[in-house]
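Undergrad: please find the sequence and the predicted model below.
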Amino acid sequence: MQHAWSVPVAKGEVPPSGRHFNIIADEHARAAVARLAGVVDLPRLGASFDLTPHRDNGLRVIDRVSAAVTQTCSVSLESMTSEVTEEVDLVFLPSPAEASGPTRREVEVLLEDEPELLIDGKIDLGGIATEFLMLGINPYPRKADSLFEAPRVESKSPGHFSALARLGKGTQEE
């Protein structure tokens with residue numbers, strides 16, 4: 001699967017002791033991810049990942065994705081930039097047809113979350129970063145000083161409860 005930002009890593013590139021990756025999206029990748037995420041701009045997008053072998057045939061990816069995201073304030077409609085940081089903790093395993101070792105059913109019992117699949121023995125760190133960034137973007141961003149004030153509507157009618165108010169006054173006078 002092609003992603004807006006692709007940084008493929010093969011399972012064979014990760015030694016038994018693990019491997020650390022710091023990845024930073026270039027201008028082209030940031031623009032593509034911004035379009036995909038529906039935001040105005042991504043001035044900064046990067047990720048730090050620790051990859052370690054998981055059991056005999058998988059990979060575990062942990063650490064974080066961070067970005068500066070420019071969006072339109074949902075109240076004032078002004079441009080605003082906010083920080084997004086998302087923690088990542090994923091396990092990737094071969095598809096059941098490719099797996100050697102425990103069956104998928106045995107693996108599901110051992111893990112809380114459904115594992116992701118290794119595709120042709122690879123994972124895409126750029127794709128992971130993009131997905132987690134999109135999870136962290138606020139769908140209704142609001143500048144700290146923006147307040148929504150509903151317009152005051154002057155009503156010429158006495159309102160639904162005016163009759164009750166008159167009844168209440170009438171019983172108190174008697």
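TA: Thanks, I have it. Everything numeric in this text was worked out from a predicted model, so none of it was measured.

Undergrad: residue contacts, P53?
TA: P53 makes contact with K11, V14, P16, G18, L59, R60 under the criterion Cβ atoms under 8 Å, 6 or more residues apart in numbering. Placement of C-beta: from N, CA and C, glycine included.

Undergrad: oh sorry, the question was meant for F132
TA: Residues touching F132, when contacts are defined by Cβ under 8 Å, 6+ apart, comprise A47, V65, E86, V88.

Undergrad: again with A34
TA: Taking Cβ under 8 Å, 6+ apart as the definition of contact, the neighbours of A34 are V40, D41, L42.

Undergrad: hang on, it is in a strand, isn't it?
TA: No - remark: A34 does not belong to a strand; assigned using DSSP: H, G, I helix; E, B strand; the rest coil, it is helix.

Undergrad: okay, and which of the contacts of A34 map to strands?
TA: With strands defined by DSSP state E, the entries of the contacts of A34 inside them are D41, L42.

Undergrad: and what about the residue nearest the centre of the chain, helix, strand or coil?
TA: Residue closest to the average C-alpha location in the chain (Cα atoms, centre = their mean): L135, at 1.1 Å. For L135, the assignment made with three-state DSSP gives helix.

Undergrad: skip the chain neighbours and tell me the closest residue to it.
TA: Taking Cβ to Cβ, 6 or more residues apart in numbering, and ignoring the residues beside it in sequence, L135 has E86 as its nearest neighbour in space, at 6.0 Å.
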